[in-house]
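> give me a model of this one.
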Amino acid sequence: MDDAYCETPVPAPAPPDAGPPYAECVLCRKPTEYPESTKGSTLCPVCAWQEAGRSACSG
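Here you go, the predicted model:
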């Protein structure tokens, strides 16, 4: 059997500066998907998901 067929390829590492400077999340301080020039409170995807769950259950 061909062992190369079963091997998974190693993903290429992302470059350290892969885009513009991103705004940090107002709750956990991790980088968000938004540029630093975005106005208002920015949330990372995890915190945005948690906030949506909290507001949906609050009535």
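> the top helix by length along the chain: which residues count as buried?
Ranked by residue count, the top helix of the chain under DSSP state H comes out as helix 45-57. Using 16 or more other Cβ atoms under 10 Å as the test for burial, helix 45-57 gives residue 47. Backbone N, C-alpha and C define where each C-beta goes, glycine included.
> can you list contacts of that helix?
Contact partners of helix 45-57, identified using Cβ atoms under 8 Å, 6 or more residues apart in numbering, comprise 25, 27-28, 30, 32-33, 43.
> just the buried ones from those residues?
Among these, those scoring as buried are 25, 32, 43 (criterion: 16+ other Cβ under 10 Å).
> out of these, which are inside strands?
Secondary structure assignment (DSSP state E) places residue 32 from the buried ones among the contacts of helix 45-57 within strands.
> let's have the buried ones among the contacts of helix 45-57 in TSV, adding pLDDT and distance to residue 7.
Converted to TSV, the buried ones among the contacts of helix 45-57 look like this (pLDDT from 0 to 100; distance: Cβ to Cβ, whole Å):
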residue	pLDDT	distance to residue 7
25	94	37
32	92	35
43	94	38
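> distance of the residue positioned nearest the centre of the chain from residue 56?
With distances taken as Cα atoms, centre = their mean, the chain has residue 45 as the residue nearest its mean C-alpha position (5.4 Å). With distances taken as Cβ to Cβ, to the nearest Å, residue 45 is found 16 Å from residue 56.
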